[in-house]
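Peer 1: fold the following.
(chains A, B, C and D)
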2 protein chains.
Amino acid sequence: MNAHFTFSPELPAARRTRMNTWQAIRADVLSRIQSGEWAPGALIPTEHELARAMGCARATVNRALRDLADSGIIQRRRKVGTRVTARPSRRTRLDMPAVRDEIEALGASYGYRLTESVMEPPMESAARALQVADDRPTLLVRAVYLADDRPHCCEMIWLNPRALPDLDRLAFETQSPHEWLAQNVPVTQAQFAILSESASGATALQLGLAPGTPLLVIERINLRDGVPVSFSRQFYPPRYRLNIND
Amino acid sequence: MNAHFTFSPELPAARRTRMNTWQAIRADVLSRIQSGEWAPGALIPTEHELARAMGCARATVNRALRDLADSGIIQRRRKVGTRVTARPSRRTRLDMPAVRDEIEALGASYGYRLTESVMEPPMESAARALQVADDRPTLLVRAVYLADDRPHCCEMIWLNPRALPDLDRLAFETQSPHEWLAQNVPVTQAQFAILSESASGATALQLGLAPGTPLLVIERINLRDGVPVSFSRQFYPPRYRLNIND
DNA sequence: AAGTGGTCTAGACCACAGT
DNA sequence: CTGTGGTCTAGACCACTTA
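Peer 2: Numbering: from 1, shown residues only, chains lettered A, B, ... in the order given. Down below sits the predicted model:
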């Protein structure tokens, strides 16, 4: 096999970039898919066949195909094979940054102002998110995040005292609940929802907007080992854009 | 150090699940990070050291650490080593589904209605997105997507005729521009932005909402080999939630 | 029962970035 | 130069799923 390459150094054009890197294999496979040679819904060759055809180890093919599967371009099933996704959705990475990072990335100085901190029964959606009865008191914290002393977004966050025994409602005078959580609670999982909502009176006031202004709302549930520890709603003014690059 | 492990076969509980799988290695490393044994910002042992300590091949350790790096838990740099991310943002996967899939996932029947299809100079934001002069005509298509014959969302999409030579403005009577693109143009990359906006008169009418209702707007730029081919704005009513699970 | 992808190994070489 | 992560190889065994 070595001898083969020694005597016939011709290689398929698509992978002449450098060598048998998994990126080259991925590019080759991807180009065959995009050219229509391997049509949507069809099976592509097995790893063994590809490895033979490309003259590389199967592990390398596997690495390339796994990457394509992660991107949603292909779908793999044991015993069945690898299929080109029929109508691929665009799968991408999304970083949900901490608000502090978001503000500092703008080149602005980060500021935090606590507005309210009360122990009271949660509103219905919060009770549902935290999976607690809606007559059990939870800690509701309201705060405004400032970029160069101007409102960037504001937040309501409910904290579940049963899941957070060492919760101290005085901790949030100067530190945001999210940062406190990051330092004190090993959050293992998070769930998000993004939606649109009209600014209510209090929220509008905090953001310096007219009531009824459309807001972008990012909801977040933090879980520790499957148990919800917090539910937050962050409100962003219309000028805000959540950017996602493929 | 080998001797230590040889004479005391006790292993940390976290990786007694089964064997030396990369998932077990990842779980072990993750638990050490979450327990604070390896603090944020600190260097963790090298791959060689971990492989020796865990009694597995370096490739297995590499697989585990690469996965953690993909999740943003750790950061790796050649020659310097692997560091625990100081203030990790939540990094997750996001599927931007085709509207058809979105509707059918609700168990509803998909419908599409073309509202307008005109060749005209693009509005300023569309010209910027498509990187064309704003006095050059582009094809603007407006449409409504229906779930069980009720408006699900509506859309404006600008198509760049210079990048799409075989563009046929009659193609969109029965087929949505996105599906036409998916079948006819190898889109290699996409950029998204999510924001909030008030419903204008025409949009409100199409969605059956009062003008001024807050809408969720998803903007999308499709690129082929770095060249923008389309720019779309999809408008969703307040009942819509974009859900993201970690 | 058989065929496919999923993974592990032990070793090797390379690319990159500090020193 | 040196040490770190990044990758490739050839082979092996396993897990899952369909027939």
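Peer 1: what are the bridge partners for the residue nearest in space to the middle of chain A, then?
Peer 2: Compute the mean C-alpha point of chain A, and by Cα atoms, centre = their mean the closest residue is A:Leu94, 3.7 Å away. Beta-bridge pairing of A:Leu94 under DSSP bridges involves B:Thr92.
Peer 1: now could you export just the CA positions of stretch A:147-156 as PDB?
Peer 2: This file holds the C-alpha atoms of stretch A:147-156, laid out as PDB (Å, rounded to 0.1, in the frame of the first residue of the first chain):
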ATOM      1  CA  ALA A 147     -23.100  49.600  30.400                       C
ATOM      2  CA  ASP A 148     -21.200  52.800  31.000                       C
ATOM      3  CA  ASP A 149     -23.900  53.700  33.600                       C
ATOM      4  CA  ARG A 150     -26.700  53.400  31.000                       C
ATOM      5  CA  PRO A 151     -29.200  50.500  31.300                       C
ATOM      6  CA  HIS A 152     -28.200  47.600  29.200                       C
ATOM      7  CA  CYS A 153     -30.800  45.100  30.300                       C
ATOM      8  CA  CYS A 154     -32.800  44.300  33.400                       C
ATOM      9  CA  GLU A 155     -33.600  41.100  35.000                       C
ATOM     10  CA  MET A 156     -36.000  39.200  37.300                       C
END
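Peer 1: what's next to it, contact-wise?
Peer 2: A:99, A:102-103, A:106, A:108-111, A:115, A:140-146, A:176, A:203, A:206-208, A:232-237, A:240 (Cβ atoms under 8 Å, 6 or more residues apart in numbering or on different chains). In short, each C-beta sits where N, CA and C put it, glycine included.
Peer 1: need the contact list for A:Ser232.
Peer 2: Applying Cβ under 8 Å, 6+ apart, we find A:Ser232 in contact with A:Glu155, A:Met156, A:Ile157, A:Trp158, A:Pro177, A:His178, A:Glu219, A:Arg220, A:Asn222.
Peer 1: circling back to that earlier point, keep only those of the contacts of stretch A:147-156 that are in helices.
Peer 2: A:Val99, A:Glu102, A:Ile103, A:Thr203, A:Gln206, A:Leu207 (DSSP state H).
Peer 1: nearest to B:Arg78, of the residues you listed?
Peer 2: Closest approach between the ones in helices among the contacts of stretch A:147-156 and B:Arg78, by Cβ to Cβ: A:Glu102, at 29.3 Å.
Peer 1: tell me the contacts of that closest one?
Peer 2: When contacts are counted by Cβ under 8 Å, 6+ apart, A:Glu102 touches A:His152.
Peer 1: how near is it to A:Ala108?
Peer 2: Distance of A:Glu102 to A:Ala108, given as Cβ to Cβ, to the nearest Å: 9 Å.
Peer 1: ok, back up a step: go through the contacts of A:Ser232 and name the one nearest A:Val187.
Peer 2: Nearest to A:Val187 among the contacts of A:Ser232: A:Asn222, at 4.6 Å, using Cβ to Cβ.
Peer 1: now the angle from whichever strand or helix holds the closest one to strand B:214-224?
Peer 2: Assigned by DSSP states H and E, A:Asn222 belongs to strand A:214-224. Comparing the axes of strand A:214-224 and strand B:214-224 via axes from the mean of the first three to the mean of the last three Cα atoms, to 10 degrees yields an angle of 80 degrees.
Peer 1: does strand A:214-224 come close to chain B?
Peer 2: Yes. Applying Cβ under 8 Å from any Cβ of the partner chain, one finds strand A:214-224 touching chain B at A:Pro214, A:Leu215, A:Leu216.
Peer 1: stretch A:54-61 now?
Peer 2: No. Residues of stretch A:54-61 contacting chain B under Cβ under 8 Å from any Cβ: none, with a closest distance of 8.8 Å.
Peer 1: next, the buried residues of that stretch.
Peer 2: A:Met54, A:Cys56, A:Thr60, A:Val61 (16 or more other Cβ atoms under 10 Å in any protein chain shown).
Peer 1: is it true that the second one touches A:Ile25?
Peer 2: Pointing back at A:Cys56 there. Yes. The pair A:Cys56 / A:Ile25 is scored as a contact, 6.8 Å apart, by Cβ atoms under 8 Å.
Peer 1: give me the common contacts of those two.
Peer 2: Here A:Cys56 and A:Ile25 have no joint contacts, going by Cβ under 8 Å, 6+ apart.
Peer 1: coming back round to it: taking the buried residues of stretch A:54-61 one by one, which sit in helices?
Peer 2: The members of the buried residues of stretch A:54-61 that map onto helices under DSSP H are A:Met54, A:Thr60, A:Val61.
Peer 1: just the closest of the residues of strand A:214-224 next to chain B to A:Pro121, please.
Peer 2: Nearest to A:Pro121 among those, with distances taken as Cβ to Cβ, is A:Leu215, at 24.6 Å.
Peer 1: check contacts around the nearest residue to the closest one once chain neighbours are set aside.
Peer 2: Spatial nearest neighbour of A:Leu215, excluding adjacent residues (Cβ to Cβ, 6 or more residues apart in numbering or on different chains): A:Phe235 at 4.7 Å. A:Phe235 is in contact with A:Cys153, A:Cys154, A:Glu155, A:Glu197, A:Ala199, A:Thr203, A:Leu207, A:Leu215, A:Leu216, A:Val217, counting by Cβ under 8 Å, 6+ apart.
Peer 1: next, the fifth one: phi, psi?
Peer 2: Listed backbone geometry of A:Ala199 is phi -70, psi 130, with angles given as degrees, to the nearest 10.
Peer 1: so what's it closest to, chain neighbours aside?
Peer 2: Leaving aside its chain neighbours, A:Ala199 sits nearest to A:Thr213 (4.4 Å; criterion: Cβ to Cβ, 6+ apart).
Peer 1: show me what contacts the one you found?
Peer 2: A:Ser198, A:Ala199, A:Ala204, A:Leu207, A:Pro237, A:Pro238, B:Ser198.
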